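Novice: One predicted model, sequence on top.
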Amino acid sequence: MLDVKKVREDFPILKRVINGVPLVYLDNAATSQKPRQVINALVDFYENHNANIHRGVHTLAVEATEMVDRAREKIARFVGAKNEEIIFVRNATEGINLVAYAWARRNLQMGDEILVSLMEHHSNLVPWQEIGTEKNANLKVVEVTSEGILDLEDLKRELTEKTKLVAITAVSNVLGTIVPLKEVVKLIKDKAPAALILIDACQAVPHMKVEVSRMGVDFVVFSGHKMLGPTGIGVLWGRKEILSKMQPYLYGGDMISQVKIEKTTFADLPNRFEAGTPDIAGIIGLGVAVDYLNQIGMEQIREHEKELIKYALEKFEQLEKEKLVTLYGPRDPEQRAGVLTFNVNGVHAHDAAQILDKYGIAVRSGQHCGAPIVESLGVAAVVRASFYLYNTLEEIDFLAEKIKEVPKVFKI
Amino acid sequence: MDYKEEIIDHYKYPRNQGELDDPKITIAEDNSSCGDRVEIYIRLGQNRKIEIVKWQGTGCAISTAAASMLSEKVIGMDKKDLEEFGMDGVIGLLGGEINAGRMKCASLAYRALLRVFS
């Protein structure tokens, strides 16, 4: 069992008081809070080791370079990858754009098909719309059932020999749906063997064990700030055979092998995709975040979150029976990450979130960068409470209790 | 931020909601991050002053109340009056206390109105 009390002591912000009451932070799908270990790592880097990497022989440059290399090794091991397959980017969005520009733009042809699901984050939809338009490739969308589950029958129908890329989320940031990737990958390999597969794992890597090299996919992206790391650092993982054939996407320093005025040759992986000085402190901070997650154990974290979502669903199903709320997404905790999505009946999501803030409860409201899936629910906006390793059953009780205050404000 | 009585009143009983039979100007404005939308129908009178405003849309209490309040307030205003009224005027109508996170809600109808003259 996870010692949540002990975990909470590592997160200074959880002592924050909001509007006179203790913070109840339930916006982890947007960004996670940071443990003291990660914050200290950033301070330690800037106070004791700050230098640019890969280009100095002095002590600090060597230290900084080694710290970045070590962080890359740790992150690679954490997701079951080879070091050189870990490309540091700013965030998952940049990772997807890297694939869009460096692979899709150079490899897609007129009439090719790109397949996404209805529940993609805008970051895994908009780049494909743009590339699709530019290359005259067709963007197709796999439906989601009314329970918020990926429609595998529709996936079968949409896959064809023309499918060249399937870009799909591992866990929906709006509904918390855990996509059955094993089945999905098998279907893709059967029906569209030529297609590459990109997985948006932003809501998976922070919350459950992910082993990229065993997934049978080609690219995986995730953001550091959602997994206890700093903002500004993310990861694109790609299979070495594919990455090594891809042209760079950004050109400049640190990504070259040899530069002559007539011609430049590019560095090997991963540096060929990491032009310019990277977020050195961010990389080191993410390495420490991975240490922290490893120390707790990803299986433990998933079990804890499963307990939280199971409890939250039971609580809110009761409120649904009382006609107080409407719930969205799968009801089975096995198929659901720690994301509770709902509306307070008769109240706009923003107003509900604003009223909950009065009680120190931080939830997200709106479309969550997933307008198509939210609109498919027949509403303009939804409230999302998303959990992480430091959340407690008591916090869910508090949320459920304060939900009852929301309609009172509007005298419903 | 508390919800002032006036906001709740305009939210529950919005003024000038509906369409205009023969609108001279129709403007739609969206808040892409929250799915809110307002459509405004306007007829301008003498000296291009706003004569009639009707509106409809989906939105939260803040965006709905702002549209409702503005539909009364801007009658008789011309372009210059509306520009001078500004977001400060809108925030004033809403009771003077709107946090940064709700500014898009508060400004939705006002942004649409400004486009009437552009």
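Specialist: Okay, I see it. If you're wondering where the values come from, they're calculated on a predicted model, not measured in any experiment.

Novice: which phi and psi does residue 112 have?
Specialist: Going with chain A. phi -70, psi 160 (degrees, to the nearest 10).

Novice: neighbouring contacts of the helix or strand where residue A:241 lies?
Specialist: Here residue A:241, judged by DSSP states H and E, is contained in helix A:240-243. If you take CB atoms under 8 Å, 6 or more residues apart in numbering or on different chains as the criterion, helix A:240-243 is touched by A:82, A:84-85, A:87, A:103, A:196, A:218-219, A:269-270, A:273. C-beta: built from backbone N, CA, C; applies to glycine.

Novice: make it 6 Å
Specialist: A:85, A:218, A:269 (CB atoms under 6 Å, 6 or more residues apart in numbering or on different chains).

Novice: From the contact counts, what lies against the next helix or strand along the chain from that helix?
Specialist: Downstream of helix A:240-243, the next assigned helix or strand under DSSP H and E is strand A:256-259. Contacts defined by 3 or more CB pairs under 6 Å, 6 or more residues apart in numbering or on different chains; DSSP states H and E place strand A:256-259 against strand A:264-266.

Novice: Direction included, what does the strand it packs on pair up with?
Specialist: Strand A:264-266 has the following strand partners under DSSP bridges: strand A:256-259 (antiparallel).

Novice: part of a strand, is residue A:327?
Specialist: Yes. Assessed by DSSP: H, G, I helix; E, B strand; the rest coil, residue A:327 belongs to a strand.

Novice: my guess is it contacts residue A:340, does it?
Specialist: No. Counting by CB atoms under 6 Å, residue A:327 sits too far from residue A:340 to count as a contact (7.8 Å).

Novice: Looking at the two, which has the bigger crowd around it?
Specialist: The neighbour comparison of residue A:327 against residue A:340 (other CB atoms under 10 Å in any protein chain shown) goes to residue A:340, with 27 against 17.

Novice: Can you list phi and psi of that one for me?
Specialist: phi -110, psi 120.

Novice: That one touches residue A:385, doesn't it?
Specialist: Yes. Counting by CB under 6 Å, residue A:340 touches residue A:385, with 4.5 Å between them.

Novice: Off-centre distance for the worst-scoring helix or strand of chain B on mean pLDDT?
Specialist: Lowest by mean pLDDT, DSSP states H and E among the helices and strands of chain B is strand B:25-31, with a mean of 88. Put simply, strand B:25-31 sits 10 Å off its chain's centre (CA atoms, centre = their mean, to the nearest Å).

Novice: what comes into contact with it?
Specialist: Residues from elsewhere that reach strand B:25-31, judged by CB under 6 Å, 6+ apart: B:37-42, B:104, B:108, B:111-112, B:115-116.

Novice: show me the contacts for residue A:271.
Specialist: By CB under 6 Å, 6+ apart, residue A:271 lies in contact with residue A:255.

Novice: same deal with the one 10 residues further on?
Specialist: Taking CB under 6 Å, 6+ apart as the criterion, residue A:281 is in contact with A:42, A:45.

Novice: for residue A:411, helix, strand, or coil?
Specialist: Applying three-state DSSP: residue A:411 is coil.

Novice: Let's see the pLDDT reported for the nearest residue to it once chain neighbours are set aside.
Specialist: Distances taken as CB to CB, 6 or more residues apart in numbering or on different chains place residue B:8 nearest to residue A:411, at 7.2 Å, with adjacent residues excluded. pLDDT, residue B:8: 94.

Novice: if we look at the helix or strand where residue B:8 lies, which residues are touching it?
Specialist: Per DSSP H and E, residue B:8 falls inside helix B:5-12. Contacts with helix B:5-12, where a contact means CB under 6 Å, 6+ apart, come from B:61, B:64-65, B:68-69.

Novice: Tell me how many other residues surround residue A:19.
Specialist: 11.

Novice: just residue A:237 next, same as before
Specialist: Residue A:237: 29 neighbours (other CB under 10 Å).

Novice: and if you look at residue B:89?
Specialist: With other CB under 10 Å as criterion, residue B:89 counts 16.

Novice: How about residue A:146?
Specialist: Look at residue A:146: counted by other CB under 10 Å, it has 9 neighbours.

Novice: quick revisit: any idea which of the contacts of helix A:240-243 is least confident?
Specialist: Across the contacts of helix A:240-243, the member with the lowest pLDDT is residue A:269, scoring 94.

Novice: Spatially nearest residue to that one, not counting backbone neighbours?
Specialist: Take residue A:269 and drop its neighbours on the chain: the residue closest to it by CB to CB, 6+ apart is residue A:84, 4.1 Å away.

Novice: close enough to count as contact, the one you found and residue A:272?
Specialist: No. Between residue A:84 and residue A:272 there is no contact under CB under 6 Å: 10.0 Å.

Novice: Those two: which is more packed in?
Specialist: residue A:272 (25 against 17).

Novice: ok, the closest residue to the more buried one other than its chain neighbours to chain B distance?
Specialist: Once flanking residues are discounted, residue A:272 sits nearest to residue A:266: 4.5 Å by CB to CB, 6+ apart. Residue A:266 sits at a distance of 38 Å from chain B (criterion: CB to the nearest CB, to the nearest Å).

Novice: surely residue A:266 meets residue A:273?
Specialist: No. Counting by CB under 6 Å, residue A:266 stays clear of residue A:273, with 9.3 Å between them.

Novice: So for these two, which residue has more residues nearby?
Specialist: residue A:273 (23 against 17).

Novice: isn't the more buried one right next to residue A:86, touching?
Specialist: No. Counting by CB under 6 Å, residue A:273 does not reach residue A:86; the two are 10.2 Å apart.

Novice: Identify the spatial nearest neighbour of residue A:384, chain neighbours not counted.
Specialist: In this structure, residue A:384 finds its nearest non-sequential neighbour in residue A:364, 4.7 Å apart by CB to CB, 6+ apart.

Novice: contacting residues for that neighbour?
Specialist: By CB under 6 Å, 6+ apart, the contact set of residue A:364 is A:27, A:30, A:384.

Novice: Show residues contacting stretch A:339-357.
Specialist: Under CB under 6 Å, 6+ apart, the answer for stretch A:339-357 is A:29, A:175-176, A:312, A:325-329, A:363, A:365, A:381-386, A:402, A:406, A:409, A:412, B:34, B:60-61.

Novice: tell me which residues in it are buried?
Specialist: Buried residues in stretch A:339-357, counting neighbours by 16 or more other CB atoms under 10 Å in any protein chain shown, are found at A:339-344, A:347-357.

Novice: out of those residues, which are inside helices?
Specialist: A:349-357 (DSSP state H).

Novice: can you tell me how far the residue lying closest to residue A:83 once chain neighbours are set aside sits from residue B:80?
Specialist: Among residues not flanking residue A:83 along the chain, residue A:76 sits closest, at 4.8 Å (CB to CB, 6+ apart). In this view, residue A:76 and residue B:80 are 62 Å apart by CB to CB, to the nearest Å.

Novice: Could you do residue B:33 as well?
Specialist: With CB to CB as the criterion, residue B:33 and residue B:80 are 31 Å apart.
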